[in-house]
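Novice: sequence-free structure coming up:
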Ligand SMILES: O=P(O)(O)OC[C@H]1O[C@@H](O)[C@H](O)[C@@H](O)[C@@H]1O
């Protein structure tokens, strides 16, 4: 028995005794008065007036009734309080924490159990459909997503750089240098850094003074959230077939707004969509200010390959390119192969399919939307040596940059939005 119950019990015992003590003398005195009136009919309190009054004027029958009534009333009230207290052990008056069927205790579970025959049968639960998983690293620097079928993608918020894209079998599609800076001190050497608002060193008045390839790849982006889509509602569907991660950057988020860019305002949404065998990366750039601005943009992707000697790029045959190594405009008749430094800018209709071929088989296929240019870059041996963040020594063999984008300048008028993107199929 709890302390409170013991105390109440003691009070009840006392009240009961007190009540007894109160009633008993009254009975006794009444009996005495009756017996005395029998024995001494003349010795009555009323002096023989014979009006039936008690011989003890302090306890009239009205007082007697009142006392009994009050004590019974208190007795009943205490019993009710005791019951309430006992019940409150199981049902707290209120709680901030929502109770669930598994956490809530019920005092009369056993007496409430329904007879087996009357028990409703359990409702069959539909099998759980696996869904894509998205997680944010503890230090809030990376977002990772994976599909129930095993594909995964990882994005560093610094530069919204896609660091990893793996197939269901765990094969990595992107190259990242083993010396890449992933701490936000430098643009990542590998993955998919974003080029905006200028490609290469600033080359016109609008971007004068901006760093090489712009500030998007060295700014901390915000993770805006995920959305997923189902390919099929058939019972045997393996669940959601893709997951889209959105990232945002606006002029107000820039650590240091370059003076050339102070008059411009923008908001960019970068979407990375992981599919079963493809990856989509797309940009929506909005001019949120009152002044028009010009920009270039590219998805500066480092594609992982086994050996550059076995690789070629198709879809760019007979397309003239700006040669950044040898200078001038050139054209090649066959698929592009790499056996020395390559740095070219192709202007090619977005409807033209481009592919990276490895050992005569397509390894990556590119579909472009509103991206009229393709840069093909590999530093080869000598230039690699000058790049402190490129490793291992033979790293140049392990990647080829095929960068889709718009090297052509775009003018974005106040209030307008530009959209463009790529879909890459890994084979
Ligand atoms: O070293 P960065 O700034 O990442 O640039 C790497 C390369 O990026 C390519 O896109 C350019 O065409 C090259 O000229 C450049 O060397």
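Specialist: Looks like it arrived, so ask away. Keep in mind that this is a model prediction, so the values were computed, not measured.

Novice: tell me who's in contact with the nearest residue to residue 147 once chain neighbours are set aside.
Specialist: Leaving aside its chain neighbours, residue 147 sits nearest to residue 132 (5.2 Å; criterion: C-beta to C-beta, 6 or more residues apart in numbering). The way it works is simple: take the backbone N, C-alpha and C, and place the C-beta from them, glycine included. Contacts for residue 132 (C-beta atoms under 8 Å, 6 or more residues apart in numbering) come out as 145, 146, 147, 148, 226, 228, 239, 240, 242, 243, 274.

Novice: I'd like these laid out as TSV, including pLDDT.
Specialist: Conversion of the contacts of residue 132 to TSV gives the following (pLDDT from 0 to 100):
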residue	pLDDT
145	98
146	97
147	96
148	94
226	96
228	82
239	50
240	64
242	95
243	96
274	97
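
Novice: could I have the buried ones of those as ChimeraX selection syntax?
Specialist: Those of the contacts of residue 132 that count as buried under 16 or more other C-beta atoms under 10 Å are selected in ChimeraX with:
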select :145,146,147,226,228,239,240,242,243,274
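
Novice: the ligand: which of the contacts of residue 132 is nearest?
Specialist: Nearest to the ligand, judged by C-beta to the nearest ligand atom, of these is residue 274 at 24.3 Å.

Novice: who does that closest one bridge with?
Specialist: When bridges are called by DSSP bridges, residue 274 pairs up with residue 243, residue 279.

Novice: same question for residue 165.
Specialist: Assigned bridge partners for residue 165, using DSSP bridges, are residue 153.

Novice: please renumber the chain so that the first residue is 25 from this point on.
Specialist: New numbering, starting at 25: the last item is residue 189.

Novice: what sits against residue 415?
Specialist: Neighbours of residue 415 in contact, by C-beta under 8 Å, 6+ apart: 201, 202, 203.

Novice: what's the local residue count around the spatially closest residue to the first one that is not a sequence neighbour?
Specialist: Counting by C-beta to C-beta, 6+ apart, residue 213 is the residue found nearest to residue 201 once chain neighbours are left out, at 4.1 Å. One way to gauge burial is a neighbour count; for residue 213, by other C-beta atoms under 10 Å, it gives 22.

Novice: sorry, back to before: ChimeraX command for the buried members of the contacts of residue 415?
Specialist: Applying 16+ other C-beta under 10 Å to the contacts of residue 415, the buried members can be selected in ChimeraX as follows:
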select :201
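
Novice: contact residues of the chain facing the ligand?
Specialist: 211, 224, 236, 237, 324, 348, 367, 399, 401, 427 (C-beta under 6 Å from any ligand atom).

Novice: let's have the residues you listed in a markdown table, adding pLDDT, neighbour count and secondary structure.
Specialist: As requested, the residues of the chain next to the ligand are exported to a markdown table (pLDDT from 0 to 100; neighbours: other C-beta atoms under 10 Å; DSSP: H, G, I helix; E, B strand; the rest coil):
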| residue | pLDDT | neighbour count | secondary structure |
| --- | --- | --- | --- |
| 211 | 98 | 24 | coil |
| 224 | 94 | 17 | coil |
| 236 | 95 | 13 | coil |
| 237 | 96 | 23 | coil |
| 324 | 98 | 25 | coil |
| 348 | 97 | 14 | coil |
| 367 | 98 | 19 | strand |
| 399 | 98 | 25 | strand |
| 401 | 98 | 20 | strand |
| 427 | 98 | 23 | strand |
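
Novice: just to revisit the earlier point, can you pull the pLDDT of the residue nearest to residue 171?
Specialist: Looking at residue 156, its pLDDT reads 94.

Novice: and the contacts of residue 415, which is closest to the ligand?
Specialist: The nearest member of these to the ligand, counting by C-beta to the nearest ligand atom, is residue 201 at 10.5 Å.

Novice: pretty sure that closest one contacts residue 413?
Specialist: Yes - counting by C-beta atoms under 8 Å, residue 201 touches residue 413, with 5.8 Å between them.

Novice: what residues are shared contacts of those two?
Specialist: Shared contacts of residue 201 and residue 413 (C-beta under 8 Å, 6+ apart): residue 213.

Novice: roughly how far does residue 184 sit from the ligand?
Specialist: To the ligand, residue 184 is 16 Å away according to C-beta to the nearest ligand atom, to the nearest Å.

Novice: so that residue sits against residue 246, correct?
Specialist: No - taking contacts as C-beta under 8 Å, residue 184 lies outside contact range of residue 246: 9.1 Å.

Novice: neighbour count for the two, which is higher?
Specialist: The neighbour comparison of residue 184 against residue 246 (other C-beta under 10 Å) goes to residue 184, with 29 against 13.

Novice: spit out the contact partners of the more buried one.
Specialist: By C-beta under 8 Å, 6+ apart, residue 184 lies in contact with 218, 240, 245, 271, 273, 294, 296.

Novice: right, and the helix or strand after the lowest-mean-pLDDT helix or strand in the chain?
Specialist: Every helix and strand in the chain was compared by mean pLDDT, DSSP states H and E; the lowest is helix 133-136, with a mean of 35. From helix 133-136 onward toward the C-terminus, using DSSP states H and E, the following helix or strand is strand 157-160.

Novice: sheet partners, orientation included, of that next one?
Specialist: Assessed with DSSP bridges, strand 157-160 is paired to strand 166-170 (antiparallel).

Novice: hmm, who's touching the strand it pairs with?
Specialist: 156-161, 176-181, 187, 247, 250, 267, 269, 298.

Novice: still on that earlier bit, these two touch, right, the residue nearest to residue 201 and residue 205?
Specialist: Yes - counting by C-beta under 8 Å, residue 205 is a contact partner of residue 213 at 7.4 Å.

Novice: what do the two both touch?
Specialist: Here residue 213 and residue 205 have residue 413 as joint contacts, going by C-beta under 8 Å, 6+ apart.

Novice: contact partners for residue 174?
Specialist: Contacts of residue 174 were listed using C-beta under 8 Å, 6+ apart, and they are 190, 191, 192, 193, 194.

Novice: any idea how far it lies from residue 387?
Specialist: Look at residue 174 and residue 387: by C-beta to C-beta, to the nearest Å, they are 19 Å apart.

Novice: cool, residue 409 as well?
Specialist: Distance from residue 409 to residue 387, by C-beta to C-beta: 27 Å.

Novice: higher neighbour count, the two?
Specialist: residue 387 (20 against 12).

Novice: that one - that's part of a helix, no?
Specialist: No - the assignment for residue 387, made by DSSP: H, G, I helix; E, B strand; the rest coil, is strand rather than a helix.

Novice: for it, which non-adjacent residue is closest in space?
Specialist: Of all residues not flanking residue 387 in the chain, residue 380 sits nearest, at 5.0 Å (C-beta to C-beta, 6+ apart).
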